[in-house]
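With the input below, show me the fold.
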Amino acid sequence: MLRLGESVAVRVEPKTYPRCKGEDDETATQLFKEWSTWAVKKAKVITHYGFIPLVIIIGMNSDPKPQLSQLLSPV
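Below is the predicted model of the structure:
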């Protein structure tokens, strides 16, 4: 019987499955797909939020040196 304050240690062995011949290739392919999908999603977000600030920075560094209000106005 357990008393108050005592704990029981349970040991669980990890399951092992028989490995197939091409399992490493499938795992590598799956990892590549996951990482490439992750990278494309991050690149889309960076492009989405970084395009207009990039245009403003390039415009501020141009030769006639416009003011920020001139860059942001639609005319």
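
Mind exporting the C-alpha coordinates of the helix or strand of the chain with the lowest mean pLDDT to PDB?
In the chain, no helix or strand scores lower on mean pLDDT, DSSP states H and E than helix 68-72, which sits at a mean of 81. Extracted as PDB, the C-alpha positions of helix 68-72 are listed here (Å, rounded to 0.1, in the frame of the first residue of the first chain):
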ATOM      1  CA  LEU A  68       9.100  60.600 -46.100                       C
ATOM      2  CA  SER A  69       5.800  62.300 -46.700                       C
ATOM      3  CA  GLN A  70       6.500  62.500 -50.500                       C
ATOM      4  CA  LEU A  71       7.300  58.800 -50.600                       C
ATOM      5  CA  LEU A  72       4.100  57.900 -48.800                       C
END
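
How far off centre is it?
Taking Cα atoms, centre = their mean, to the nearest Å, one finds helix 68-72 lying 33 Å from the centre of the chain it belongs to.

just stretch 32-51 next, same as before
The answer for stretch 32-51 is 7 Å, by Cα atoms, centre = their mean.

Averaged pLDDT, it. What do you get?
For stretch 32-51, mean pLDDT is 94.

then that stretch to PDB, C-alphas only?
Extracted C-alpha coordinates of stretch 32-51, given in PDB (Å, rounded to 0.1, in the frame of the first residue of the first chain):
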ATOM      1  CA  PHE A  32      12.800  17.800 -46.600                       C
ATOM      2  CA  LYS A  33       9.100  18.300 -47.500                       C
ATOM      3  CA  GLU A  34       8.400  19.600 -44.000                       C
ATOM      4  CA  TRP A  35      11.400  22.000 -43.900                       C
ATOM      5  CA  SER A  36      10.800  23.300 -47.400                       C
ATOM      6  CA  THR A  37       7.100  24.000 -46.600                       C
ATOM      7  CA  TRP A  38       8.200  25.700 -43.400                       C
ATOM      8  CA  ALA A  39      10.800  27.800 -45.300                       C
ATOM      9  CA  VAL A  40       8.300  28.900 -48.000                       C
ATOM     10  CA  LYS A  41       5.700  29.900 -45.400                       C
ATOM     11  CA  LYS A  42       8.300  32.000 -43.600                       C
ATOM     12  CA  ALA A  43       9.600  33.600 -46.800                       C
ATOM     13  CA  LYS A  44       6.000  34.500 -47.800                       C
ATOM     14  CA  VAL A  45       5.500  36.300 -44.400                       C
ATOM     15  CA  ILE A  46       8.800  38.100 -44.700                       C
ATOM     16  CA  THR A  47       8.100  39.200 -48.200                       C
ATOM     17  CA  HIS A  48       4.600  40.300 -47.300                       C
ATOM     18  CA  TYR A  49       5.600  42.500 -44.400                       C
ATOM     19  CA  GLY A  50       9.000  43.600 -45.700                       C
ATOM     20  CA  PHE A  51       8.200  44.700 -49.200                       C
END
